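Participant: Based on what follows, work out the 3D shape:
(chains A and B)
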Amino acid sequence: MTEVAFDFLSETDPRTLVVYGLVSDPSVVLQQLIDQDSSRAEPLSNRFAVLPPSLPSLRLGSPGWIDITAQELADAGGPARLFALCRGKITNRAAQFSLLPKKMLNLYFDFVDAEIDANRAQLDDRDALFKAEDWRLTAWLPLPQAWVLLPPAFGAEATFAGLDAVFWLADKLIGVRIEDGATLVKSVRHRLEFLEEQHPHLSLVRIPKSRLEEERFPIDLFPAEFADFWSDVQLPTGPFQQAVLRQNLVMQAG
Amino acid sequence: MSETLSKNMKLLAQTTLNGFGGIGEGMALQVTSKGQRVMWVAHEGPPKNFTGVDVSDPRNPKVICQTELKHQNMRSNSLEVTGDILAVAYQVYEKGIDPAGIELFDVSDPENPKSIGFHSTAGPHSRGVHCLWFVDGEYVHCASGAPDFEPKHPRDDQIYQIIDVRNPSKMEEVGRWWYPGTRVGDNEPGPPRINPEPMENLRGGDAYRLHNANIYPSHPDRAYLGYIDGGAIILDISDKSKPVEISRWSPHNPYPGFTHTVMPLFDRGLLVVSDECIKDDAEDWPKLTWVLDARNEQNLVPISTLPLPPVEEYGHKGGRFGSHNLHENRPGPSFFSEEIIVGAFFNAGIRVYNLKNPYQPELIAYFVPPGPENSRVPAIQMNDVYVDENGIVYAGDRWAGGLYVMEMDI
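Facilitator: Numbering: from 1, shown residues only, chains lettered A, B, ... in the order given. As a prediction, this is how the structure comes out:
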């Protein structure tokens, strides 16, 4: 039995563990975290995010999530390539048979592009060093195929509630669930209900499948601040930061 | 087998249907305008035609209707309900006899079904309809012989037919497709026989004919065919009068044939394909349920099979052991999932799989009751399964056990 090592309901150390990406059994990742000393876990890795309420928003430019080869890094010059690289890396973390989540992610990245285009003049003038395209890296980081660890109050055994994606906006956990008409089995329904009722920072966005068929990101279903991902960031940063710079940059990005 | 084997499933009720507990391959749930819930079941063979069971209280199913076949040389193996219309398939045991085809009933008063139309597919080379699909209220898709269809091989007789039933009193065929080379007059050579059997045995395997056709209102331009030894076939039926083959996939040979159901999981780009076990005592082992990557529908790729219990444990318990019908995600008061797959596996009972990771399907629940009294074989023979929108599982024994009502705890 895997220990429930994170408790988003804790009064002293409320942290939410989100395991994400190409993970078939999130408890394996949890056990790896426990084995490595969960109290010292980085807030963001390529398989999980540990989210205390004080953590700044997670953005494409947040360090820790991306795996990159030297060649990819060398080829990633220029904002267009860098954004495309981030987009490809994120969408590939939804399994190949998760066609609707992949579609949602692609619509999301199209939305980011469109938002930057719509505010191009303002963004071009904002800082002499950066062009509008650079600000795409301030977009919220989607954590696809997400498993949120439920707290001990749910049960002694580690149990996760599955979502199609989550975003972390400062102190708000936005969970995305694509409603595809599936009949929820009891265990899945119970976990989702618990998460929605008990998580103090969760905002659950339900996207009907039909909305994805409109080929537009359903921004109207998200909290109002979701569309405004760039205005309170001082400088856009890429996700390939040296460890010594991370803390400052993450704080800056928040 | 003397005791129930189960995991995460429990029996709520069982009814042997007034002593006629042999259930075929037709199970469909009707919810009437008054909220009454009726499970309609087809019978494996004569003398009964179909039975309606009130399952409004799934713990207390009650037979409210049971009808008779016209004679003993026919069976109504398959049925479907859409709204208050019940469609029943009639197959005869010898070619050329009547009645063979499709009958529609108005079941708005479930205790008194009224025939509202009959479409004959009888003919000198036809034994009528084995299986039908009717979920949109407009078209019946079926495996049937036809008056004008003469197969090269006598068991290649039941082809894919699309029947317009919008006017029940004047149903008409609007489209058909058959495996190339199987009709007398086809230029192509007949397909190679997988496991040749004597030609006089009409019920045998060794056939290139249709079993199930699955067509979903969400994708009305596609038909998914289980074409027995012809494997899984996808047709473009955007023009119903001219179905066009898109792709086919067959594991036969080396596998032993009899593709039964091809169920698409549209939002995942997957197909679940079952091969029916047709011989007792594991004589045709293994009869598998395959998972296919269908993201490119023109290039179907098998990626896994649903795990079955060991053949040494089940192969000789009695009767058949292996895959058969699946819960088919049909519209209506029906369980819908592209991750949870429920199937009937004859003496291995009802088995429930989690397909979240389609490369490694996981068995998450099963229910294997003891062999029922008066059965021809000592083990259960789960023949068909239907799961309602509340997750209640209805399953039928092929010979005597009748209807089993179960609850999943998953």
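
Participant: so how far is stretch A:204-218 from its chain's centroid?
Facilitator: Averaging C-alpha coordinates over stretch A:204-218 and over its chain gives two centres that are 18 Å apart (Cα atoms, centre = their mean, to the nearest Å).

Participant: ignore the last one, stretch B:237-253
Facilitator: Its chain's C-alpha centre and that of stretch B:237-253 lie 19 Å apart, by Cα atoms, centre = their mean.

Participant: Also stretch B:109-128?
Facilitator: Averaging C-alpha coordinates over stretch B:109-128 and over its chain gives two centres that are 18 Å apart (Cα atoms, centre = their mean).

Participant: in it, what's buried?
Facilitator: For stretch B:109-128, the neighbour count (16 or more other Cβ atoms under 10 Å in any protein chain shown) marks B:110, B:113, B:117, B:119-123, B:125-128 as buried. Heads up, the C-betas are built off the backbone N, CA and C, glycines and all.

Participant: burial measure for residue B:209, as a count.
Facilitator: Taking other Cβ atoms under 10 Å in any protein chain shown as the neighbour definition, residue B:209 ends up with a count of 23.

Participant: give me phi/psi at residue 227?
Facilitator: I'll assume chain A. phi -70, psi -20 (degrees, to the nearest 10).

Participant: can you pull the contacts of the nearest residue to it once chain neighbours are set aside?
Facilitator: Of all residues not flanking residue A:227 in the chain, residue A:219 sits nearest, at 5.5 Å (Cβ to Cβ, 6 or more residues apart in numbering or on different chains). For residue A:219, the contact set (Cβ atoms under 8 Å, 6 or more residues apart in numbering or on different chains) comprises A:111, A:226-227.

Participant: Would you quantify the distance from residue A:219 to chain B?
Facilitator: The gap separating residue A:219 from chain B is 22 Å, by Cβ to the nearest Cβ, to the nearest Å.

Participant: Quick check: the gap between that residue and residue A:110.
Facilitator: The gap separating residue A:219 from residue A:110 is 11 Å, by Cβ to Cβ, to the nearest Å.

Participant: Hmm, residue A:68 and residue A:240 touching each other?
Facilitator: Yes - A contact is recorded between residue A:240 and residue A:68 when judged using Cβ atoms under 8 Å, the distance being 6.2 Å.

Participant: list residues touching both of these two?
Facilitator: Overlap between the contact sets of residue A:240 and residue A:68, as judged by Cβ under 8 Å, 6+ apart, is given by residue A:76.

Participant: Now render the contacts of residue A:219 as CSV, adding distance to residue B:373, pLDDT and neighbour count.
Facilitator: Rendered in CSV, the data for the contacts of residue A:219 read as follows (distance: Cβ to Cβ, whole Å; pLDDT from 0 to 100; neighbours: other Cβ atoms under 10 Å in any protein chain shown):
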residue, distance to residue B:373, pLDDT, neighbour count
A:111, 63, 98, 19
A:226, 63, 96, 19
A:227, 67, 95, 16
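
Participant: Show the contacting residues for residue A:49.
Facilitator: For residue A:49, the contact set (Cβ under 8 Å, 6+ apart) comprises A:17-18, A:20, A:43, A:58, A:65, A:143, A:168.

Participant: Between these, which sits nearest residue B:22?
Facilitator: Comparing the contacts of residue A:49 against residue B:22 with Cβ to Cβ places residue A:20 closest, at 49.9 Å.

Participant: I'd like to know which elements the one helix or strand residue A:205 maps to is packed against.
Facilitator: Following DSSP states H and E, one finds residue A:205 within strand A:202-208. Applying 3 or more Cβ pairs under 8 Å, 6 or more residues apart in numbering or on different chains; DSSP states H and E, one finds that strand A:202-208 makes contact with strand A:172-179, helix A:186-198.

Participant: now residue A:182: how far from residue A:202?
Facilitator: Applying Cβ to Cβ, one obtains 21 Å for the distance of residue A:182 from residue A:202.

Participant: Next: residue B:45.
Facilitator: Counting by Cβ to Cβ, the separation of residue B:45 from residue A:202 is 56 Å.

Participant: what's the average pLDDT for the helix or strand harbouring residue B:116?
Facilitator: Element membership of residue B:116 [criterion: DSSP H and E] is strand B:114-120. The average pLDDT within strand B:114-120 is 98.

Participant: That one pairs with which strands?
Facilitator: Taking DSSP bridges as the criterion, strand B:114-120 pairs within the sheet with strand B:101-106 (antiparallel).

Participant: residues making contact with the strand it pairs with?
Facilitator: Strand B:101-106 has contacts (Cβ under 8 Å, 6+ apart) with B:84-90, B:113-122, B:128-129, B:132, B:140, B:142, B:144, B:163, B:165, B:168, B:171.
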